[in-house]
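K.L.:
turn this into a structure:
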Amino acid sequence: MKINTKKLLLSVSSIILGSFIYIFWRPENLIIFNWLKELHIYNFIINLRNTTRPLSTFFPNWFYYSLPNGLWLFGGIIFFSTIWDSKKYQFQQLLWTTIFLIIAFGFELAQYFSIIPGTYDINDILFIIIGCLVSTVFIKINFFRR
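P.N.:
Now for the predicted structure:
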């Protein structure tokens, strides 16, 4: 099976961009910063955050707090369509995309009901929906022709 490099690059870029936004401008009390300490890259990240801090007032709040969800979802769905890019694997693509969507919406609902820590935000739901719709449109119109 040949991998569509355009799809893979867009998928990985979207996930990385969402992660950078999250790491550079979200509060340091999030669990990811504990992971960065365990990976011994926390100080490096703090230096990068200090460098990017002047940009923190440049964008609206949804950019920092909701866009990463949409980018991760978009990238994940495109990634699944890259892995299972043929008629033969449509079921697997649909299965993993559905699981991914359930997890994304599930986290938001769990925050709403205070089952897990976090702040429920309707904008997160909106960006999850947008990420899903845009990725589906990209796949359906065959945006990634080889």
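
K.L.:
for the residue most central in space within the chain, which non-adjacent residue is closest in space?
P.N.:
The centroid of the chain falls nearest to W72 when counting by C-alpha atoms, centre = their mean (1.2 Å). What sits nearest to W72 in space, not counting adjacent residues and going by C-beta to C-beta, 6 or more residues apart in numbering, is G18, at 4.6 Å. In this view, the C-beta of every residue, glycine as well, is placed from N, C-alpha and C.

K.L.:
so for the one you found, what's the pLDDT?
P.N.:
At G18, the model reports a pLDDT of 96.

K.L.:
isn't it right up against L67?
P.N.:
Yes. The criterion here is C-beta atoms under 8 Å, and G18 meets it with L67 at 7.1 Å.

K.L.:
what's whichever strand or helix holds the residue nearest to W72 packed up against?
P.N.:
Using DSSP states H and E, the element containing G18 is helix 5-25. Packed against helix 5-25 by the contact rule (3 or more C-beta pairs under 8 Å, 6 or more residues apart in numbering; DSSP states H and E) you find helix 31-38, helix 42-52, helix 61-65, helix 67-83.
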